[in-house]
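Sharing a model that was predicted from the sequence below.
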Amino acid sequence: MPSNEEPRTPQKARVASGNEASATQMSSAIQDTTLAQSKEVDKDFFKNHARSCPSDLVEQLRMNPTVVSAIEDIQAVKNIEVGMYNPLAKLLTTISTTVHSSFSLQRKQQLGLPSHEHPILFLNHSGCALSEFPTEQVEDKPDLVGVYGHIDEFSSLKHGDKGTYRAMPYHRLETVVEAKPRNKGGGRAQAASYIYHVQQARPDRPGYYGLSAKPQYFQVLYSSPAGVAASERRQWSDLQNLCDYVYSLYDPPDDHFLYDGTISWSESKEFGPPTWTITVGGERYSGAVLTFIGRVWGRRTTIFMVRREGLPPIVIKEYYLHSGRRYEESHLLSLIHADGFMPGVVRLICAEEVLTNGKSIAFKYPKGQGLKTKSWTKHRLVLADSGLDLELARSVNDILMTFYDLLEVHRTVTRERRVLHRDISLFNILMYPTAVKCADAAWAKECPPLIDDVLQGQKRDAENRTARCVLIDYDNGALLEKSNKNIEELQNRTGTPVYIARAVARGSVIRGTAQYLKMPTLSEKAKSLYVAVCGNDRYEKYNDTGKTYHGGTQYADADEFARQVDSELPFYHRWEYDAESVFWTMYALLLRVLPREGVEDETTESSLEVDWTELTSHTIPDKKFRERADRREWLMTRSAKSFRLAFLPVMQDVATLLGKIARQVGPSYRLMETPPPHDDHLHEAMQRLILNYLVEHQDNPIPLTPGVMRAISIKLPDGGRLERGRYSITPITIAPSIPIPQSVPAEQSIPDMQSNPSSTMSSKRSRDEDEDEGPGAKRARVAPKPRPKENTPPVQLEPLPQPRDDALALKGLWTWPMFSAERDRILAALVLAK
């Protein structure tokens, strides 16, 4: 996230029960909806976003009888929309065929057109849903679709005897057209939503054109990571601009990339689901499958999984990077693993800026808008580690062991590598890792003792010291520079609303309502295990003496404390804020997991809904409203009895543990007279409490129902969508979407241009006053998810893959200069231990 953006809201996590989409997770979807519905137009659209069709072709088409009659038929339509479909398809296909035939074979090859033989045909697809959306939950029904091929190729998709087609796959669409009759609103917003979904399903399409048509006029749209732009309404007599639209489908302006030449799709059966072939660093990966699709207008994160027989899967992540961004994920990952691999953090195989035909795929904002961020550029990472979503945990103890390791890994990386994650959430943590092992020489010297070491009271050898977690997505990470040169970066509010620390959400130091508590002590058995692995010096280092709390001291004078609160101490992102995000993630997950022996009653069910509402209703406020109380504060400061009410009987000890952690996380340590001397003090406190629980409950892991969450009946507005990439080997089943509501809810805050650079694309604007959709307008529809019954079967998990004695195929993938000196060492080390 660039420094000038407000914090983003991700899509709701994959939940196997319940039918909720949190209202607090809607800001990104609403932002996208607002872009789609925008009435602003670019007066210079055809100059800025289209290639002019040669005048001789336009004149040739102007005299074409088919073109003349089709335009007359379109203009004659009154209030019956269906009357536009066939003449519009005939008109656009005629233009497309003429344009396509004007290119020489050499020119077609230079343009990299997917088909050299056949033009783009415009087919009537009205009333029928498209097929093969990656998550199978979006049902778009565009009126016309543009596809390459001969008309006979699509005979199997014919629908009825009226010349319509059905179930055209998303990945075959080159453009979409939405038509509206004379008496209804324009179809521009609907066309934009179709374009949005097509680009999600087609990672090979950085830019995309679409058309909205009415008997009175047409409008052309262009979508890219920088946003969506629309032309003014043009009369049908303006054949030049209509031809410009079609011509640009083949030969767009030089800086408007329609295709990424490093990625292509293929079908195992005709019109079936695609797999992708991706070239990275000179290596070709075939059979890649989409596992995550993010927002199109913005960073546009996309995740692929490449499965390899007998070897762990490879993860490929691509995204568009802000030119003004201070830190980049690949740089931070390379720093984390530079002196040896750090367990528990995803490892980077390769990173590169994507080039097509020797050019960077970059989209620039028009000049004169005063935006700090000037462009988006496509980047791609290849990653060596994957895992399962936290919701697929097999037991509570597995979850707690994962979080213990997460805290240990996070504090080690922050201390030794000076890299702060800044976006800990349910979406950025995986468990049950799948990865190759490293030879001993490849591990970092600072490789920390992990939970499996502690519980057995002995450190494992380095080659066997794997973490229970994989921490991913350092998109929002920052380097803690000793000179504080980046203090402005650390003052930005970055995070995910449900999980973000309270101070980070406000962008200021909080007073905190919880009392300071002593550093927790370990039980006798837990201490003996801890000291055997971590040493007594570490244990004593964090213990309190006298009147200290986490090693710090509080103000004895209440008036002095109040003055400190009122002085507005400078805010910056602290280690303990990431630790607080770990707590919110633990709480959200453990509140909703379903024990195999769990039975709901009226008390637990109603309390669950209250607590879940308080948690998920949290939003990141605009800075002018940051003094408002955080709704989650109550969850941290209530009584132990109240804390346990929402948890099932078998989970009562877990609830007690979470309550103890909450009271450690609650105070504002920034307001102590003498602050804690160790930045990782809160990590230590949380880990001690988790360790005490695990030692006491080693024989009672509380088996869970993987993939099934406790159901809630809260009905919240649709729109919260996933944005974070997951390197999970579990199929994703929720489709990101942009709903098209009649109006944006008044209570939602929409970032302005300064905080949302993608909210506009042109420098000259005017308004279409009657653009709103009519009450009968069709919508991009998301299939509802039914609330499961009590006997919902658990997700069937494959056995965890075992490491094999095979080398990971890495040759030829190291492309960044910083890797050149260590390439041989790392390639030799990143092999399975014999």
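Good, I have the coordinates. Numbering: from 1, shown residues only.

how far away is residue 542 from residue 679?
12 Å (C-beta to C-beta, to the nearest Å). Where you see a C-beta, it was placed from the backbone N, CA and C, and this is true even at glycine.

When those two are compared, which one has more neighbours?
residue 542 (20 against 16; other C-beta atoms under 10 Å).

Would you agree that one is in contact with residue 684?
Yes - using C-beta atoms under 8 Å, residue 542 makes contact with residue 684 at a distance of 4.6 Å.

For those two, list the residues in contact with both.
519, 678 (C-beta atoms under 8 Å, 6 or more residues apart in numbering).

Touching, residue 541 and residue 677? I think so.
No - at 9.1 Å, residue 541 does not count as touching residue 677 under the criterion of C-beta under 8 Å.

So these two - more neighbours on which side?
Remark: of residue 541 and residue 677, residue 541 carries more neighbours, 15 against 12, as counted by other C-beta under 10 Å.

How about the contacts made by the more buried one?
Here residue 541 is in contact with residue 678 (criterion: C-beta under 8 Å, 6+ apart).

Give me the pLDDT value at it.
At residue 541, the model reports a pLDDT of 97.

Helix or strand for it, just tell me which one.
Assigned by DSSP states H and E, residue 541 falls within helix 536-542.

now stretch 658-671: how far from the chain's centre is it?
Averaged C-alpha coordinates place stretch 658-671 at 29 Å from its chain's average position (C-alpha atoms, centre = their mean, to the nearest Å).

Compute the first-to-last residue distance for stretch 570-580.
19 Å (C-alpha to C-alpha, to the nearest Å).

number of nearby residues for residue 250?
When neighbours are defined as other C-beta under 10 Å, residue 250 has 21 of them.

repeat for residue 395
For residue 395, the neighbour count with other C-beta under 10 Å is 17.

Likewise for residue 456?
Neighbour tally, residue 456, other C-beta under 10 Å: 12.

measure the closest residue in space to it that isn't next to it in sequence to residue 654 for me?
Spatial nearest neighbour of residue 456, excluding adjacent residues (C-beta to C-beta, 6 or more residues apart in numbering): residue 529 at 7.9 Å. Residue 529 sits 21 Å away from residue 654, going by C-beta to C-beta.

And the two? Which one has more around it.
In this comparison of residue 529 against residue 654, neighbours counted by other C-beta under 10 Å, the higher total goes to residue 654 at 24 against 20.

mind listing what that one touches?
Residues in contact with residue 654 (C-beta under 8 Å, 6+ apart) are 396, 590, 647, 693, 702.

Doesn't residue 643 belong to a helix?
Yes - the assignment for residue 643 (DSSP: H, G, I helix; E, B strand; the rest coil) places it in a helix.

in what helix or strand does the closest residue to it other than its chain neighbours lie?
Nearest residue to residue 643 in three dimensions, chain neighbours excluded: residue 659, at 4.1 Å (C-beta to C-beta, 6+ apart). Under the criterion of DSSP H and E, residue 659 resides in helix 652-665.

Put the alpha carbons of that helix into CSV.
Coordinates of each C-alpha in helix 652-665 appear next as CSV, following Å, rounded to 0.1, in the frame of the first residue of the first chain:
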residue,chain,number,x,y,z
GLN,A,652,-13.8,-22.5,28.2
ASP,A,653,-10.1,-22.9,29.0
VAL,A,654,-9.3,-21.4,25.6
ALA,A,655,-11.5,-18.4,26.4
THR,A,656,-9.7,-18.0,29.7
LEU,A,657,-6.4,-18.0,27.9
LEU,A,658,-7.6,-15.4,25.4
GLY,A,659,-8.9,-13.2,28.3
LYS,A,660,-5.5,-13.3,29.9
ILE,A,661,-3.8,-12.3,26.7
ALA,A,662,-6.3,-9.5,26.1
ARG,A,663,-5.4,-8.0,29.5
GLN,A,664,-1.7,-8.0,28.6
VAL,A,665,-2.4,-6.5,25.2
